[in-house]
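>>> For reference, the sequence and a predicted model appear below.
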Amino acid sequence: MLLHLEQVLSTEAVAQCRRVLEGEAWVDGRITAGAQSALAKHNLQVPQDAPAARELGELILTALGRHPQFVSAALPLKVYPPLFNRYDVGMGFGAHVDNAIRFAGAQPYRTDVSATLFLSDPDDYDGGELVVEDAYGEHAVKLPAGDMIIYPATSLHRVEAVTRGSRWAAFFWVQSMVRADAQRSLLYDLDGAIQATAAKLGQSDPAAISLTGAYNNLLRMWSEV
Ligand code: NI
């Protein structure tokens, strides 16, 4: 499931991120790439252990915890501390699939869901689309600053070369309580149906109670915590 989450960060929070990132020492993005994807990767990143990255990462994680659509779609068990990247003119990232396991310090994370949170306004750059492939074809994604895309980490994806301006983003992964994308999608759809039913008929309507029970029993069957 490819899902667009609107306004994860407010305009003020995006401006704060950009202010802090402007003062950072950006380094070659290949420091966090696997051997194969390093060949395709051409961008700049803030080092993972930079205090600014941690501070802004916390801001993003707090915002995500308050975003019901993110929680419903990703069913996060743990969220990798966000990283920050930047593509200037001529930079891009060829087709690759993200590593299955990533470490933050000694802590392993299985990457079930990939996330990109845009920190540049689309008018500020040309190119730089995130292109995600799935069974239905290719999807080119370029979102307003503060918006985020999540997609299955199993997907082949790339970032097109930037031809004008600079594209800044935060990126990270989610280890979900539910490993399989098809199961997460079904739970997300069911959660939406429950919310709609409860809004129409009330939380204590037998239909809402029955659907909520089915949701919990599917989550019990499929989750690992
Ligand atoms: Ni990637």
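Structure's in. What do you need?
>>> what's the single longest helix in the protein?
helix 181-201 (DSSP state H).
>>> Now do the phi/psi pair for the nearest residue to I31 once chain neighbours are set aside.
Nearest-residue entry for I31: Q45, 6.7 Å, with adjacent residues in sequence omitted and distances by C-beta to C-beta, 6 or more residues apart in numbering. Any C-beta I mention is one placed from the backbone N, CA and C, and that applies to glycine too. With angles defined as degrees, to the nearest 10, Q45 sits at phi -140, psi 160.
>>> Domain map for the protein?
3-176, 181-222 (automatic domain parsing).
>>> Can you say which of those domains is packed in most?
domain 3-176 (a mean of 17; mean count of other C-beta atoms under 10 Å).
>>> Which SSE is immediately downstream of the lowest-mean-pLDDT helix or strand in the chain?
Using mean pLDDT, DSSP states H and E, the weakest-scoring helix or strand in the chain turns out to be helix 35-38, at a mean of 80. The helix or strand immediately downstream of helix 35-38 is strand 41-42, counting by DSSP states H and E.
>>> What pairs with that next one, parallel or antiparallel?
strand 92-96 (antiparallel) (DSSP bridges).
>>> Distance of L39 relative to T116?
Note on L39: its distance to T116, by C-beta to C-beta, to the nearest Å, is 21 Å.
>>> before we move on, the earlier item: other residues contacting the least confident helix or strand of the chain?
30, 93, 96, 98-99 (C-beta atoms under 8 Å, 6 or more residues apart in numbering).
>>> Are there helices or strands packed against the longest strand seen in the chain, and which ones?
In the chain, with assignment by DSSP state E, the single longest strand is strand 167-176. Applying 3 or more C-beta pairs under 8 Å, 6 or more residues apart in numbering; DSSP states H and E, one finds that strand 167-176 contacts helix 11-22, helix 51-65, strand 76-79, strand 83-87, strand 107-110, strand 113-118.
>>> okay if I get those as TSV plus mean pLDDT and distance to E129?
TSV is the format used below for the helices and strands packed on strand 167-176 (pLDDT from 0 to 100; distance: least, C-beta to C-beta, whole Å):
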stretch	mean pLDDT	distance to E129
helix 11-22	97	19
helix 51-65	95	22
strand 76-79	98	24
strand 83-87	97	11
strand 107-110	97	26
strand 113-118	98	11
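>>> Excluding residues flanking it in the chain, which one is nearest the residue nearest to the spatial centre of the chain?
The centroid of the chain falls nearest to A115 when counting by C-alpha atoms, centre = their mean (1.4 Å). Excluding its sequence neighbours, the residue lying closest to A115 (C-beta to C-beta, 6+ apart) is I150, at 4.9 Å.
>>> Name the SS class of the one you found, please.
Here I150 is recorded as strand under DSSP: H, G, I helix; E, B strand; the rest coil.
>>> Show me the shaky parts of the protein.
For the chain, no stretch has pLDDT under 70.
>>> got the contact list for the longest helix of the chain?
1, 3, 72-75, 112-113, 152, 154, 176, 178, 205, 207-208, 211-212, 214-215, 218-219, 222.
>>> Which ones among these lie within strands?
Using DSSP E, 3, 113, 152, 176 are the members of the contacts of helix 181-201 that sit in strands.
>>> G127: which of those is nearest?
Lowest distance from G127 to these (C-beta to C-beta) belongs to L3, with 23.3 Å.
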